[in-house]
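K.L.:
Show me how the following folds:
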Amino acid sequence: MKICALIPVYNHEHAVGMVVQQVLAQGLPCVLVDDGSDTPCRQVLEQLQAEYPEIVTLRRLPVNQGKGGAVLAGMQAAHEAGFTHALQIDADGQHDTGAIADFVAASRAEPAAVICGYPLYDASVPRARLYGRYATHVWVWINTLSLRIRDSMCGFRLYPLAATLAVAENGHIGRRMDFDTEILVRMDWAGIRIVNRPTRVHYPLDGVSHFDALHDNLRISLMHTRLFFGMLPRSPRLLWRLLRGEA
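P.N.:
Residues are numbered from 1 along each chain as shown. Purely as a prediction, here's the structure:
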């Protein structure tokens, strides 16, 4: 196994340097994906690559693709560089880098699985965001006919790259805020095991969110609809997995 950290970045110039340093301190090289950031963030990313030329790779997208598009571009770059697994982590500092060792150990124990974080929130979490997640949780449980995915929206997870890219190539995967949920559901459909691990999540007071309440909620609603109709022909196999105890 050869594991890297994958960090999609869009105008997170104030937090990304700290995140990269913390990830490197955990022993993982970094693949940074600049998702069409403005000049201040581009300069910070260039400085990070110049400071750590052997262990930080920068992939630049000329036009903003959205979180999913950036993650998929980073996965492809990591795979081409010889990495077998990638730990996705957000650039805004909300994820606990101290959990990286636990996720890496879990992945080494089950290399074919996705190690997926489910959040343990502190008091900083916005209540509207916390409550809004439950609608997605219910739809994911419906669309997998199981409780195998405890939280599909946490962006802290460790992927087996070859399997993930194969799933992405063989089905429609959302390229923006719908990505995190859709890729997990489709990987579950493909029979890839999801290992749920707790991870602390903190929302910085000065954190930058790129969630568009109108357009991203619409994309997520369309995604759940698309997945529901994709689940129907798969339901006999999914029910069989449930009967076999794969809940």
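K.L.:
could you pull out the strands for this protein?
P.N.:
Using DSSP state E, the strands found in the chain span residues 3-9, 30-35, 56-61, 85-88, 114-121, 157-160, 194-201.
K.L.:
can you pull the contacts of the spatially most central residue of the chain?
P.N.:
When Cα atoms, centre = their mean is applied to the chain, the residue found nearest the centroid is Gly155 (3.7 Å). The contact partners of Gly155, taken as Cβ atoms under 8 Å, 6 or more residues apart in numbering, are 67, 88-90, 95, 180. Any C-beta I mention is one placed from the backbone N, CA and C, and that applies to glycine too.
K.L.:
10 Å - rerun?
P.N.:
Residues near Gly155 by Cβ atoms under 10 Å, 6 or more residues apart in numbering: 8, 67, 71, 88-92, 94-95, 117, 119, 177, 179-180, 201.
K.L.:
quick one: it from Leu145, how far?
P.N.:
Using Cβ to Cβ, to the nearest Å, one obtains 25 Å as the distance from Gly155 to Leu145.
K.L.:
for Gly245, same thing?
P.N.:
From Gly245 over to Leu145 (counting by Cβ to Cβ), the distance is 13 Å.
K.L.:
swap in Trp139?
P.N.:
For Trp139 relative to Leu145 (Cβ to Cβ), the value is 12 Å.
K.L.:
okay, and the common contacts of the two?
P.N.:
Met231.
K.L.:
Which ChimeraX command selects the buried ones in the contacts of Gly155?
P.N.:
Of those, the buried ones can be selected in ChimeraX as follows, counting by 16 or more other Cβ atoms under 10 Å:
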select :8,67,71,88,89,90,91,92,94,95,117,119,177,179,180,201
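K.L.:
Mind picking the lowest-pLDDT entry from the contacts of Gly155?
P.N.:
When the contacts of Gly155 are sorted by pLDDT, the bottom entry is Met177 at 79.
K.L.:
My read is that that residue contacts Arg219, right?
P.N.:
Yes - Met177 is within contact range of Arg219, at 6.6 Å (criterion: Cβ atoms under 10 Å).
K.L.:
what's the burial count for Leu232?
P.N.:
Number of residues near Leu232 (other Cβ atoms under 10 Å) recorded here: 10.
K.L.:
Please tell me how far it sits from Leu145.
P.N.:
10 Å.
K.L.:
Please enumerate the shared neighbours of these two.
P.N.:
With Cβ under 10 Å, 6+ apart as the test, Leu232 and Leu145 both reach Leu238.
K.L.:
For the residue lying closest to Glu46 once chain neighbours are set aside, which residues count as its bridge partners?
P.N.:
Among residues not flanking Glu46 along the chain, Leu58 sits closest, at 7.1 Å (Cβ to Cβ, 6 or more residues apart in numbering). Using DSSP bridges, the bridge partners assigned to Leu58 are Leu32.
K.L.:
Settle this for me: Asp188 is touching Arg241, isn't it.
P.N.:
Yes - look at Asp188 against Arg241 with Cβ under 10 Å: they come within range, at 9.2 Å.
K.L.:
Between those two, which contacts overlap?
P.N.:
Shared contacts of Asp188 and Arg241, counting by Cβ under 10 Å, 6+ apart, come down to 144-146, 148.
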